[in-house]
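With the input below, show me the fold.
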Amino acid sequence: MRSTICFILFTVFITIQTIFAQDVVTTGAERTEEYLPLLKGKRVGLVVNQTSVINNAETCLLDTLLSLNANVVKVFAPEHGFRGDADAGETVKDGKDKRTGIPILSLYGSNKKPTPQQLKDIDILIFDIQDVGARFYTYISTLFYIMEAAAENNKEVIVLDRPNPCDYVEGPILKPAFRSFVGMLPIPLLHGCTVGELAQMINGEGWISKNPSGCRLTVIPCLGWEHQQEYSLPVKPSPNLPNDQAIRLYASLCPFEGTKISVGRGTTFPFQVLGAPNEKYGDFTFTPQALPGFDKNPMHKGQTCYGVDLRRVNNLEKGFTLSYFIDFFNRSGEGASFIDRARFFDLLMGTDTVRKAVLAGKSEEEISASWEEELNSYRKMREKYLLYK
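Predicted coordinates for the structure are as follows:
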């Protein structure tokens, strides 16, 4: 009897261990044994921010590599800066890390691509930044420029991979005429890749025009993660994506940045609400304020905004939907003037066909059907570069 009970308890223990082991995700950055040998005798430049952490977000990659005697020469900082506290669109300045004295060079100031002079004293670039799966999230634009600069200056690139927390293939594919820093690559609005997979795609599809063969690239994959597996970020990836809900809604609400509708910047719940200073938009109210750590100069600052609270909505649609945008467009009654920053809206969409379709009164189903053929071609191409099931 006792042996039977012991056997049952042992089986339960092993089962629980197995379940927890399956839930543990090891990021590329945490696999130092895989990439540290590649840094031996090399001068290293890091492309990192506040998401570049390991050990349950307790240690930043810069500190880790220095403790392991890697020769880190400088840090390149993307939009929002090395510490991730600069507002969207705010210029990031050069400086020095207070803790280590390592120089920090901005890739969101006078140049978004490293210059030959900035790369002169390094041999290898390490990219370790958490993406959220949306084409207009600018960290992947920085990835492209890093790879392009490396190809042009004969430098190596190591991408330390991290999971995609919004892992869908949806939305329109970017057209060349709408290429910008909020859309560099001919991929869908939700691209369904990790940064490591995107890096392989950039090389494999010859998107670096001056060097179609790409740069010298090594990707250190994650362990314990598969496509469509949910993943909660240990650190917010940018000031206005504070939680899983905001990340889930980001792709669908970002198009409102081409209008006068607030997405909640200047509150503690950005990208989880919608509203403007007009009661026609709904009965939920919020008042944007200058809010350090979120947004210091939000739209409609100090004004009561009326709209909807998506935190209260059960069974939120996953992936990308135009339903919120079409709803508010119809509520406005303003026609074309509702999209008052039309060019920026088109850059976010990667095409002008979405705006024109909304203005023509087409349904979400009709609009999404228009890009399905291209999405199917993209999905087939994407399969070549997938690192995970």
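
in the stretch 251-389 of the chain, which spans are strands?
Secondary structure of the stretch 251-389 of the chain (DSSP state E, counting those that start in this stretch): strands at 273-276, 284-286, 305-309.

Also the stretch 1-150 of the chain?
Counting by DSSP E, counting those that start in this stretch, the stretch 1-150 of the chain has strands at residues 43-48, 53-54, 59-60, 71-77, 95-96, 103-106, 124-128.

Out of these, which is closest to residue 313?
strand 53-54 (31.2 Å; CB to CB). Quick note: C-beta positions are derived from backbone N, CA and C, even for glycine.

what about residue 332, distance to residue 281?
8 Å (CB to CB, to the nearest Å).

Check residue 336 too.
Distance of residue 336 to residue 281, given as CB to CB: 18 Å.

One more: residue 328?
Shown here: residue 328 relative to residue 281, a distance of 7 Å by CB to CB.

count of neighbours near the closest residue to residue 191 other than its chain neighbours?
Leaving aside its sequence neighbours, residue 191 sits nearest to residue 135 (CB to CB, 6 or more residues apart in numbering; 5.8 Å). By other CB atoms under 10 Å, 26 other residues sit near residue 135.

can you check residue 123 too?
16.

Next one: it, what pLDDT does it get?
Per-residue pLDDT puts residue 123 at 98.

ok, now residue 90?
According to the prediction, residue 90 has pLDDT 54.

What of residue 313?
pLDDT for residue 313: 79.

and what of the one 10 residues further on?
The predicted local distance difference test score for residue 323 is 96.

Could you count how many residues lie near the closest residue to it other than its chain neighbours?
Nearest residue to residue 323 in three dimensions, chain neighbours excluded: residue 364, at 5.6 Å (CB to CB, 6+ apart). By other CB under 10 Å, the residues close to residue 364 number 16.

Likewise for residue 190?
For residue 190, the neighbour count with other CB under 10 Å is 24.

for the strands of the stretch 251-389 of the chain, which one sits closest to residue 150?
Across the strands of the stretch 251-389 of the chain, residue 150 has its closest neighbour in strand 273-276 (40.1 Å, CB to CB).

Pull the CA coordinates from that closest one and hand them back as PDB.
Backbone C-alpha positions of strand 273-276 (Å, rounded to 0.1, in the frame of the first residue of the first chain) are rendered in PDB as follows:
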ATOM      1  CA  VAL A 273      -9.300  52.600 -24.400                       C
ATOM      2  CA  LEU A 274     -10.500  54.800 -27.200                       C
ATOM      3  CA  GLY A 275     -12.000  58.300 -27.100                       C
ATOM      4  CA  ALA A 276     -12.100  62.000 -28.000                       C
END
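
Work out the gap between it and the centre of the chain.
Centroid separation between strand 273-276 and its chain, computed with CA atoms, centre = their mean, to the nearest Å, is 23 Å.

Just the residues contacting that strand, thanks.
Strand 273-276 is contacted by residues 253, 256, 260-264, 267, 281-282, 284-286, 300, 305-311, 324, 328 when judged by CB atoms under 8 Å, 6 or more residues apart in numbering.

list the contacts for residue 149?
By CB under 8 Å, 6+ apart, the residues touching residue 149 are 113, 114, 115, 116, 119, 155.

Pick out whichever of those residues sits closest to residue 318.
Residue 318 has its nearest neighbour among these in residue 113, at 33.7 Å by CB to CB.

Put together TSV for the strands of the stretch 251-389 of the chain, with mean neighbour count on each row.
What follows is these, written out as TSV (neighbours: other CB atoms under 10 Å):
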stretch	mean neighbour count
strand 273-276	26
strand 284-286	17
strand 305-309	20
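
Let's have the ones you listed in CSV, adding mean pLDDT.
CSV is the format used below for the strands of the stretch 251-389 of the chain (pLDDT from 0 to 100):
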stretch, mean pLDDT
strand 273-276, 98
strand 284-286, 98
strand 305-309, 98
